[in-house]
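Q: sharing a model prediction with you, sequence too.
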Amino acid sequence: MAEKGEIIEGLRFEQRHGKQRVRVGRVWKDSIGFYHFVEWSVGISLLSDCNRSYTHDDNSDIVATDTMKNTVYAKAKESKEQITAEDFAILLAKHFTSYYKQVTTAIVKIVEKPWKRVNIDGRPHKHGFELGSEKHVAEAILSKSGALKLSSSIEGLSLLKTTKSGFEGYVRDRYTLLPETRERMLATELTATWRYSFENVHNIPSKPLYFAERYSDLRKVLVDTFFGHPDEGVYSPSVQSTLYQMAKAVLNRFHVISSINLKMPNLHFIPVNLSSMQNPNLVKFADDVYLPTDEPHGSIEASLSRLHSRM
Ligand SMILES: O=c1[nH]c(=O)c2[nH]c(=O)[nH]c2[nH]1
């Protein structure tokens, strides 16, 4: 098996090849005159036995990476109805694993730019888009047998609350300076990656834009859990606790998701106190003036999986 490596001249050899950052924009026009648009950066990696190209100058088994790039544009053209990044990743992976006998596994990763339809005077514009902030990533790993690993991510979702956060009861030793508090800012730039439970390409729901809906529903569950009720909010005793609540809410809500990984850097807002002998109260902190920082930052990450599922 090419992906397990091979012993060549007494040494284990593993290889893969592909094309990264194939950028494509795709426009679709629907029957009521609305344009739909996506911008993708596609990464393809193929596991295939072309070992002889490394060892014997024999390229006869190589699918050229230029061909992979062209295939992205050809398949984008063939996709006559709007599709999601997940669907396009699966479509490409299916093509590479079925069209080429030597390709045993295709890994296709797509990063979607956050273009969102513009609203003008409260009305959705027919063909105008603006760039949002967080990215949507989809990755399909498909083997010739149809075995599938499908995951999606939200990357770079910035969230901040000005109160209802604290941090107490942690280890105190001679190096500890941080005061305990029940009143602080909480800010993060969330990366969430979740794995779908569809383990075969034939189990994928055929509903159009199914994965786009899951993505926005899941984003809402994460955001709602982070902030809590619009008036009362929800108290966060630590980033760790809030992260766990968010991950649990996702698994409770979406049965098609088997595991989730959350990365929540703690982006510190440092209370500002400025004083001198002459001016002892120039700025006295009263939960109002902060020094925003992004380095150094706390790094807090955890995964939650259903038993018997793999990340
Ligand atoms: O929510 C937090 N978790 C930590 O692990 C930590 N460490 C720290 O200095 N501040 C915080 N805050």
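A: Okay, I see it.
Q: mind checking how far Ile300 is from the ligand?
A: Distance of Ile300 to the ligand, computed by C-beta to the nearest ligand atom, to the nearest Å: 6 Å. C-beta: built from backbone N, CA, C; applies to glycine.
Q: nope, Asn273 is what I was after
A: Taking C-beta to the nearest ligand atom, one finds Asn273 at 18 Å from the ligand.
Q: excluding sequence neighbours, find me the nearest residue to that residue.
A: Phe285 (4.9 Å; C-beta to C-beta, 6 or more residues apart in numbering).
Q: go on, Thr191?
A: The spatial neighbour of Thr191 that comes closest, neighbours along the chain excluded (C-beta to C-beta, 6+ apart), is Lys263 at 4.3 Å.
Q: and that neighbour, bridged to which residues?
A: Thr191, Glu301 (DSSP bridges).
Q: tell me the contacts of it?
A: Applying C-beta atoms under 8 Å, 6 or more residues apart in numbering, we find Lys263 in contact with Leu190, Thr191, Ala192, Ser299, Ile300, Glu301.
Q: distance of the residue nearest to Asn273 relative to Glu183?
A: Here Phe285 is placed at a distance of 11 Å from Glu183 (C-beta to C-beta, to the nearest Å).
Q: cool, and Ile120?
A: Taking C-beta to C-beta, one finds Ile120 at 41 Å from Glu183.
Q: give the buried residues for the helix ranked longest in the chain.
A: Counting by DSSP state H, the longest helix found in the chain is helix 210-227. Within helix 210-227, the residues that qualify as buried are Phe211, Ala212, Arg214, Tyr215, Leu218, Arg219, Val221, Leu222, Thr225, Phe226, Phe227, counting by 16 or more other C-beta atoms under 10 Å.
Q: what's the burial count for the spatially closest residue to the second one that is not a sequence neighbour?
A: Spelled out, that is Ala212. In this structure, Ala212 finds its nearest non-sequential neighbour in Thr84, 4.8 Å apart by C-beta to C-beta, 6+ apart. For Thr84, the tally of surrounding residues (other C-beta atoms under 10 Å) stands at 22.
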